[in-house]
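1. Pasting the sequence and the predicted coordinates here, then a few questions.
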Amino acid sequence: MQRVITAGEPAGGLDRSPTLWELLSRRAALTPDAPAFVQADSPAADGPAGDRRITFGALRTRAEAVAAWLHMLGVRPGSRFVWQLPTRIETVVLSFALARLGAVQSPFVPAYRDREAGHALRATNAAFLAVPGVLRGFDHTAMARRLARALPVPPLVVTAYDALPEADPAPLPPPPADGTEVRWIHWTSGTTADPKGVLHSDRSLIAAGAHLAEALGTTAADVGSMAFPYAHVAGPDYTVMALLRGFPVVLFEHFALPGSLGAYRRHGVTVAGGSTAFYAMFLAEQRKDPGRRIIPTLRMLAGGGAPRPPQLYGEVVRELGCRLLHGYGMTEAPTITMGRPEDPQERLAGTEGRPPRSGMEIRITAPDNTPAPAGTDGEVCLRGDAVCHGYLDPTHTAEAFDADGFLHTGDRGHLTDDGFLVLTGRLKDVIIRKGENISAQEVEQLLHRHPGIEDCAVIGLPDAERGERVCAVVQQPAGARPLALQDVTAHLRAAGLAVHKLPEQLEIVDELPRSETLRKVLKQPLRERFSAQPPAR
């Protein structure tokens, strides 16, 4: 019999919002010996003999013992604890130890350096900072100490990471009782400015994970995988789903293909993904050996966080032999919509899925903040349990939330008659050429159909004559014939694109710049790089 926890009552009969610690405790009581996390690529591991595992019961026991050690260091309920740690079992243990204490934890990804890390420390006034030492050739401890010295009240730098100390948990105070308090500060990407601190509670993260579990229909028979950083907001989102359903998650500290495929096969992963870039990477590997499924146990790729070309759906289903369930989420609301196994194929291919059956409202608004007519594009606005509590900077909160409590996402889209969300671009990703609005995403979707284009980004560049000109930045498959601008415009004309939307500049790059988390294409570096280039006439 499957042992599933209901998100609303993980500890049984609760009349309040549960905490993540209660969720773990309930799961540990139900299935203490079931595997919770598997470290597929331990630094000391070489093959299956080196893989490490931790059960749900052991995770709770170790986390409470580490919490006792943290308490000895002075960590208390409400203490602000910043951590910059890789995707390892120890990171999960430390995070749950902080949840046991009721600390306010602020994760940021290991790729952050002095600018972003320093901003996080200053903005949070953190009393503690945990770092992994030297990781992939970079000395995080030296950076941490350098940043700490520059602050009026330096945080305590914690470097004992590979072997987390433990202590007797008997003297610990009771765990936090209510999940509605803000205990998480996650960070937006900050590609054009300082990252924004996003405030979450256990309640909002549990709601997001429950939405994900509902949509995907995962069970205890599944084996999940986490190829993205655990420090990303998707880390607790995915972890909540695993706790609710009771299945193990394979952790990848260093994800790379084809190198990571052995672990997927070894542990029989059934659910993989992350974002569009991950789908494309798995598909590229499958095409190297089309006669053999690269992950025989895989039943679904699932993810979100970036636009997905419609034709990619059919390619994944046909060639990888699994379902592709794509969704829409952001740091402020990790799970907004998601495709479901029972959805019609045309909806799975052409939309971002549906919101959960309860707990998430989507409103499409016109520029004057009134509801847009049905089926008409407008700004996507959100209100619900999984939406964040605002931002660390109150001015950001005031700018993003309206009087009705809806979060304005900055994304453009519309709802279909049957409730599926279609995204058509970003409000700020509209190119204004001679007074005409051009959706960059519309042009990108058509470019993705060209066989000589592996990936692309369409950007607007300053132009004295036009205001902005349309520039297509293209990444081509290995061995492809180099494209010329006339090749691109001919393809777009044949697809029926209006003439005023055609690119006037084509740039071919070896690799598009991407974020370190979900591998989304970063457009600002491209704008900075190509703004000075003259357009092709």
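-> Sure thing, it's come through. Just so you know, these numbers come straight off a predicted model, no measurement behind them.

2. Which of the three states applies to S106?
-> Going by DSSP: H, G, I helix; E, B strand; the rest coil, the secondary structure assigned to S106 is strand.

3. ok, the closest residue to it other than its chain neighbours - how many residues close by?
-> The shortest distance from S106 to any residue other than its chain neighbours is 3.9 Å, reached at I185 (CB to CB, 6 or more residues apart in numbering). The C-beta positions use only the backbone N, C-alpha and C, and glycine is treated the same way. By other CB atoms under 10 Å, 25 other residues sit near I185.

4. mind checking the end-to-end distance for stretch 162-179?
-> End-to-end span of stretch 162-179 (CA to CA, to the nearest Å): 29 Å.

5. Can you list the buried residues in it?
-> Buried residues in stretch 162-179, counted by 16 or more other CB atoms under 10 Å: 164, 166-167, 169, 172, 175-176, 179.

6. Specify which member of these is nearest to L257.
-> L164 (30.5 Å; CB to CB).

7. show me the contacts for the residue lying closest to the closest one once chain neighbours are set aside.
-> Of all residues beyond its chain neighbours, the one nearest L164 is V66 (5.0 Å), with distances taken as CB to CB, 6+ apart. The neighbours of V66, taking CB atoms under 8 Å, 6 or more residues apart in numbering as the test, are 93-94, 97, 164-166.

8. Now V66: which helix or strand?
-> Secondary-structure assignment from DSSP states H and E places V66 in helix 56-73.

9. go on, A280?
-> Taking DSSP H and E as the definition, one finds A280 inside helix 276-288.

10. hey, where'd the helices end up in the stretch 351-500 of the chain?
-> 394-400, 440-447, 485-494 (DSSP state H, counting those that start in this stretch).

11. and the longest one, average pLDDT?
-> The reference is to helix 485-494. Per-residue pLDDT values across helix 485-494 average out to 93.

12. chain center to it, what's the gap?
-> 34 Å (CA atoms, centre = their mean, to the nearest Å).

13. ok, now the second one?
-> Mean C-alpha position of helix 440-447 versus that of the full chain (CA atoms, centre = their mean) differs by 23 Å.

14. cool, the shortest one as well?
-> Between the mean C-alpha point of helix 394-400 and the mean C-alpha point of its chain there is a distance of 22 Å (CA atoms, centre = their mean).

15. Isn't H140 up against R146?
-> No. At 10.4 Å, H140 does not count as touching R146 under the criterion of CB atoms under 8 Å.

16. pretty sure E319 belongs to a helix, no?
-> Yes. Assignment of E319 by three-state DSSP places it within a helix.

17. List the residues that contact it.
-> In this structure, E319 makes contact with 283, 286-287, 290, judged by CB under 8 Å, 6+ apart.

18. Can you pull out the low-pLDDT segments for the stretch 101-250 of the chain?
-> Counting by pLDDT under 70, the stretch 101-250 of the chain contains low-confidence residues at 160-161, 190-193.

19. Going along the chain, name the strands of it.
-> The residue ranges that make up the strands of the stretch 101-250 of the chain, judged by DSSP state E, counting those that start in this stretch, are 104-107, 128-130, 134-135, 138-139, 156-158, 182-187, 197-201, 224-226, 249-251.

20. in the second one, what counts as buried?
-> Right, the one you point to is strand 128-130. By neighbour count with 16+ other CB under 10 Å, strand 128-130 contains the buried residues 128-130.

21. Show me what the strand or helix carrying F37 is packed against.
-> Here F37, judged by DSSP H and E, is contained in strand 35-39. Packed against strand 35-39 by the contact rule (3 or more CB pairs under 8 Å, 6 or more residues apart in numbering; DSSP states H and E) you find strand 52-55, helix 56-73, helix 89-101, strand 249-251.

22. mean confidence score for the longest one?
-> The predicted model gives helix 56-73 an average pLDDT of 98.

23. could you check the angle helix 89-101 makes with that helix?
-> 70 degrees (axes from the mean of the first three to the mean of the last three CA atoms, to 10 degrees).

24. which one of the contacts of V66 sits closest to E528?
-> E528 lies nearest to L94 out of the contacts of V66, by CB to CB, at 36.8 Å.

25. and that closest one, how many neighbours?
-> Around L94 there are 25 other residues, counting by other CB under 10 Å.

26. how about it, what does it touch?
-> Contacts were defined as CB under 8 Å, 6+ apart; by that measure L94 touches 63, 66, 83, 85, 130, 161, 164.

27. Tell me the spacing between it and L101.
-> With distances taken as CB to CB, to the nearest Å, L94 is found 11 Å from L101.

28. can I get the CA coordinates of the helix holding A280 in PDB?
-> Backbone C-alpha positions of helix 276-288 (Å, rounded to 0.1, in the frame of the first residue of the first chain) are rendered in PDB as follows:
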ATOM      1  CA  THR A 276      14.400  23.200 -21.700                       C
ATOM      2  CA  ALA A 277      18.200  23.100 -21.900                       C
ATOM      3  CA  PHE A 278      18.200  19.800 -20.000                       C
ATOM      4  CA  TYR A 279      15.600  18.300 -22.400                       C
ATOM      5  CA  ALA A 280      17.800  19.300 -25.300                       C
ATOM      6  CA  MET A 281      20.900  17.800 -23.700                       C
ATOM      7  CA  PHE A 282      19.200  14.400 -23.100                       C
ATOM      8  CA  LEU A 283      17.800  14.500 -26.700                       C
ATOM      9  CA  ALA A 284      21.200  15.200 -28.200                       C
ATOM     10  CA  GLU A 285      22.600  12.100 -26.300                       C
ATOM     11  CA  GLN A 286      19.800   9.900 -27.500                       C
ATOM     12  CA  ARG A 287      20.500  10.900 -31.100                       C
ATOM     13  CA  LYS A 288      24.000   9.500 -30.800                       C
END
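
29. Check what contacts it and list those residues.
-> Around helix 276-288, the neighbours that count as contacts under CB under 8 Å, 6+ apart are 227, 257-258, 261, 272-273, 293-295, 301, 303, 306-309, 312, 315-316, 319-320, 324, 326, 454-455, 514, 518-520.

30. Select only the buried ones of those residues in PyMOL?
-> Per 16+ other CB under 10 Å, the buried members of the contacts of helix 276-288 correspond to this PyMOL selection:
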select buried, resi 227+272+273+294+295+301+303+306+307+308+309+312+315+316+320+324+326+454+455+514+518+519+520
